[in-house]
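1. Sequence first, predicted coordinates after that:
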Amino acid sequence: MICVIHAHPYPGRSRVNRALADALRGDSDVELRPLYDLYPDFDIDVDAEQRAVARAELVVWMHPLYWYSVPALLKHWFEKVLAAGWAYGEGGGRLAGKGCLWVPTTGGDARDFSASGIHAHSFEHFVRPIEQTARYCGMAWEAPFAVHGADAMGEAEIAATVAALGRRLAGWRASRAGAPAEPTP
């Protein structure tokens, strides 16, 4: 089972995140947790969230990149759900060995994430805190599925991105089942 923690503060205004979430919503092996729909008041049901990620073999954190990090509700989710004694530390480890895939979308294109780009750093610099969050909980970090230039994507590019994420998840499933994975573009 795959648990997708979807954190888009304005899902109605999103084209790419909405398309990705809609595609995943139709997958019987995926539990989609749209945080801003579930917890508009930020009052997270910690038990429900912990049960959801505990059932999963792969946890996906999907959201737009906000100020080089995650949106506020996902940060709050990390603080509440990934608690000491449950996700890490003495008596913790409930997520140990589970896969973790980060699916951020960015408005800027890949060139913007370079030494000469507007963000002055490669995208890898922004990956590290999210990766360490997963690793600190004992999760198996998967290479991110970053979607750059989401603001400028046309419908064909969005469809191709949705298909690519589908292939990525199918490859992950196949690797868990011992079958050869489909090549990804």
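-> Arrived safely, thanks for sending. Numbering: from 1, shown residues only.
2. buried residues in the helix or strand of the chain with the lowest mean pLDDT?
-> Scoring the helices and strands of the chain by mean pLDDT, DSSP states H and E places helix 124-136 at the bottom, with a mean of 90. Residues 126-127, 130-131, 133-134 are the ones in helix 124-136 that count as buried (16 or more other Cβ atoms under 10 Å). In short, each C-beta sits where N, CA and C put it, glycine included.
3. Tell me the one of the residues you listed nearest residue 89?
-> If you rank the buried residues of helix 124-136 by distance to residue 89 using Cβ to Cβ, residue 133 comes first, at 13.9 Å.
4. How about the closest one: what's its closest non-neighbour residue?
-> Using Cβ to Cβ, 6 or more residues apart in numbering and skipping residues adjacent in sequence, the residue nearest residue 133 is residue 78, 6.2 Å away.
5. count of neighbours near the one you found?
-> Residues within reach of residue 78, counting by other Cβ atoms under 10 Å, total 17.
6. Wait, a helix at it?
-> Yes: when DSSP: H, G, I helix; E, B strand; the rest coil is applied, residue 78 is found to be in a helix.
7. Quick check, pLDDT for it.
-> Predicted confidence (pLDDT) at residue 78: the value is 98.
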